[in-house]
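Asks: mind folding the following:
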Amino acid sequence: MINKEAKILVVDDMGMIRKSIVKYLSTLGYENIVEAGNGLEAVDAFKQESPEIVFMDIVMPEMTGDEALGKMREINSETPIIMLSSVAEKETIKRCKELGASGYILKALTIETGADELNKYLSMF
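Replies: Numbers count the residues shown, from 1 in each chain. Alright, predicted model coming up:
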């Protein structure tokens, strides 16, 4: 299980979704959260903050999540990076796995299921 003091990077271009994920993580006892609004910001935050786990959207402006994933893997191949997306295309999932994604969550996160979905991955690492 990821330590409650662990630094978590949450990446999504939609501020409302980022805030929801941060809220779900807070209900699980995680407060050390860094946010990024696109892939470029995510790569910079990954370099500067050295998070212990990343939850990242795929479809974003500036740099997509899968592109950011590739760059993050060049920096650190061990940090768990969980991709979040409303896109369930097999090719997208396959590409993310090939680039080193540690998991994939479909963005149908709700008040009832959001914390449980995130906790599933937090418990794995």
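
Asks: helices or strands next to the lengthiest helix in the chain in the packing?
Replies: Taking DSSP state H as the assignment, the helix of the chain that covers the most residues is helix 15-27. With contacts defined as 3 or more C-beta pairs under 8 Å, 6 or more residues apart in numbering; DSSP states H and E, the secondary structure elements packing on helix 15-27 are strand 8-11, strand 33-36, helix 114-124. All C-beta spots, glycine's among them, are computed from the backbone N, C-alpha and C.

Asks: among the ones you listed, which is the most enclosed?
Replies: Mean neighbour counts were compared across these using mean count of other C-beta atoms under 10 Å; the top stretch is strand 8-11, at a mean of 26.

Asks: for it, list the C-alpha coordinates in CSV.
Replies: Backbone C-alpha positions of strand 8-11 (Å, rounded to 0.1, in the frame of the first residue of the first chain) are rendered in CSV as follows:
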residue,chain,number,x,y,z
ILE,A,8,0.8,11.7,-5.7
LEU,A,9,0.7,13.4,-9.1
VAL,A,10,-2.8,13.9,-10.6
VAL,A,11,-2.9,14.9,-14.2
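
Asks: confidence score at the residue most central in space within the chain?
Replies: For the chain, the residue whose C-alpha lies nearest the mean C-alpha position (C-alpha atoms, centre = their mean) is residue 55; its distance is 1.0 Å. pLDDT, residue 55: 97.

Asks: spit out the contact partners of it.
Replies: 8-11, 21, 82, 84, 105, 118, 121 (C-beta atoms under 8 Å, 6 or more residues apart in numbering).

Asks: now it, what are its backbone angles?
Replies: The phi and psi torsions at residue 55 (degrees, to the nearest 10) take the values phi -120, psi 120.

Asks: partners of it in the sheet?
Replies: Beta-bridge partners recorded for residue 55 (DSSP bridges): residue 10, residue 82.

Asks: what about it, distance to residue 117?
Replies: Here the criterion is C-beta to C-beta, to the nearest Å. By it, residue 55 lies 10 Å from residue 117.
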